[in-house]
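A.B. asks: Sequence and computational prediction follow.
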Amino acid sequence: MLGKMAAPVLEHGEDAFRKLFRFYKRRNPPPDFSQVIDFSKRVDDERVFATELDHSSLGEVAACSAGLRPVKEWRAFGLQAHPGFIFISNPFLPGSQRYWIKQCLKAYPQKPNVCNLDMHMSSTETENIWEKSVESIRKKGKREPRTLLEKLRWVTLGYHYNWDTKTYSADHYSPFPPDLHTLSQTVAAACGFPGFQAEAGILNYYRSDSSLGIHVDESELDHTLPLLSFSFGQTAVFLLGGTKRQDPPTAMFMRSGDLMVMSGSSRLLYHAVPCILPAPACQPLPSCLDQRLEKQPVSEDLIQDVSEEDWAVCSRYLQTSRVNMTVRQVLGPGQTLPTTQPLVGAVSESRSGYHDESEEAAQNVKKRKNESGSEVDC
C-alpha cells in the first residue's frame, strides 16, 4: 500500500511528470523512495524483466580491455511498456571505474573540448582546469571558494551541441576521445548495435543540489541508434516517462557504474534527474570505488590504474558529486551536418539553467524559453 508521500507515483494527467519530479526533488519533508526501482538488489517488480544480451558479439578480451566484466556476467534489465530501454547494473571490473572518473575530471575538460565555463571566461582561463583546482581541493575547507573543477556543470565532446538552436554543426567539432569511443562501441555491440560510432558526448557534473529538467534527446539526425549513459559517483534518481508529458514516469536509482541504453522507441522518451542522494556519513563513497584496478591478462588494456595522488582528488570531489557521460551517434549512413558560424559566446544562456538548483532558477529559465526540451540531454 502506498502512503501519502508516495501518492504522486499513481497520478496521471497533464502535469504527472512534473509533479513526480518535484516530489523527488523536495527536501522538506524528504521524499519517500520506496517506489524507486533499485537494480543493485534483487528486483521483484512487475514492471521489470531480465534482458538477455548477445554474449557472442563481444569477446571476454575486448570487454576486459575496456574495464568491463564478460558480457555473460552482466545483469541487464528492461522495463515493461518501454521497448528498447536497457538498464545494466554496474558491469565494470573492480577498480576500472576510477579510470573513467579520472578522465571525466582531468582529461575530458581539456581544450579543445567545450565546457560551461567558456561562456563567461576566456580560453586561457579555462585551460588546465584540473591543474588549477587540485591543490585547493586537497586542502579544501568548508568556506573555501569553489574551484574551477567544482564549477564544471557540463563538457561536450566530438560534435559540440548548440544549446540555443538545439543543433549540431560540422564546423563545431573536436576529435572524440578514442578511449571513450572504444568503451561506447563495446557496450553498444553487447546490446545489439555493432559498428556504433561515438560522435558526440555530453558530460554532466552534478553537485548535491543539482538536478536535470524534463526533456527528450532528439537533436541527432539518426534516432535509430542508441543513446548510452554512464553513471559514476553518488546515486541519483532517474525518471523515465513516455512520449508525452502526460505519461507518468518510472523512477529508478542510478548508482556508480550503472549503464543505461535508450534505443528503439525508448530513444525519444521524456526523462529527468530530480535529485542526487546524499552519501551516508559512514560511507562517503560507494563501496565499488574502494578497490584498486587489478592488472588483467590483456595485452592491450585500454584503461590504466589511477595514481593515488590523482584518486585522492577524484574521491574528495565525488563525496558530494556525481558524473554522468552520455554518448550518441549523430549521423546515420550517408548523412552530413550543415556548416554554421563557429559557436563562441553563445555556449550559452540557455545552458545556464541546465541544473535546476532551485525552483526559482527553474522559473527564471522557464520565462526565457519554452519548457519542453529546453533543459536538454541527460
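C.D. replies: Received the coordinates, thanks.

A.B. asks: Start and end of stretch 117-125, how far apart?
C.D. replies: 9 Å (C-alpha to C-alpha, to the nearest Å).

A.B. asks: residues of it that come out buried?
C.D. replies: Leu117, Asp118, Met119 (16 or more other C-beta atoms under 10 Å). Every residue, glycine included, has its C-beta placed from N, CA and C.

A.B. asks: Next: stretch 167-184.
C.D. replies: Tyr168, Ser169, His172, Tyr173, Phe176, Pro177, Asp179, Leu180, His181, Thr182, Leu183, Ser184.

A.B. asks: Strands of the stretch 251-378 of the chain, start to end?
C.D. replies: 259-262, 271-276, 321-328 (DSSP state E, counting those that start in this stretch).

A.B. asks: oh, I was asking about the stretch 51-200 of the chain
C.D. replies: For the stretch 51-200 of the chain, strands defined by DSSP E, counting those that start in this stretch occupy the ranges 75-79, 85-89, 114-115, 154-158, 200-207.

A.B. asks: Which of these sits closest to Glu46?
C.D. replies: When these are compared by C-beta to C-beta, strand 75-79 sits nearest Glu46, at 10.5 Å.

A.B. asks: so can I have CSV of the strands of the stretch 51-200 of the chain showing mean neighbour count, mean pLDDT and distance to Val330?
C.D. replies: Formatted as CSV, these follow (neighbours: other C-beta atoms under 10 Å; pLDDT from 0 to 100; distance: least, C-beta to C-beta, whole Å):
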stretch, mean neighbour count, mean pLDDT, distance to Val330
strand 75-79, 18, 95, 25
strand 85-89, 23, 96, 21
strand 114-115, 22, 94, 15
strand 154-158, 24, 95, 8
strand 200-207, 23, 95, 5
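
A.B. asks: Can you say which of those strands is nearest to His215?
C.D. replies: Closest among those, using C-beta to C-beta: strand 200-207, at 11.8 Å.

A.B. asks: just the angle between the closest one and strand 321-328, please?
C.D. replies: 170 degrees (axes from the mean of the first three to the mean of the last three C-alpha atoms, to 10 degrees).

A.B. asks: mind listing what strand 200-207 pairs with, with the direction of each?
C.D. replies: Looking at strand 200-207 with DSSP bridges, its partner strands are strand 154-158 (antiparallel), strand 321-328 (antiparallel).

A.B. asks: Pull the residues that contact the last one.
C.D. replies: Put plainly, it is strand 321-328. 100-101, 104-105, 180, 184, 198-208, 217, 220, 225-236, 254, 276, 377-378 (C-beta atoms under 8 Å, 6 or more residues apart in numbering).

A.B. asks: Quick check on the residues you listed: which are buried?
C.D. replies: So, by 16+ other C-beta under 10 Å, the buried ones in the contacts of strand 321-328 are 100-101, 104-105, 180, 184, 198-207, 217, 220, 225-236, 254, 276, 377-378.
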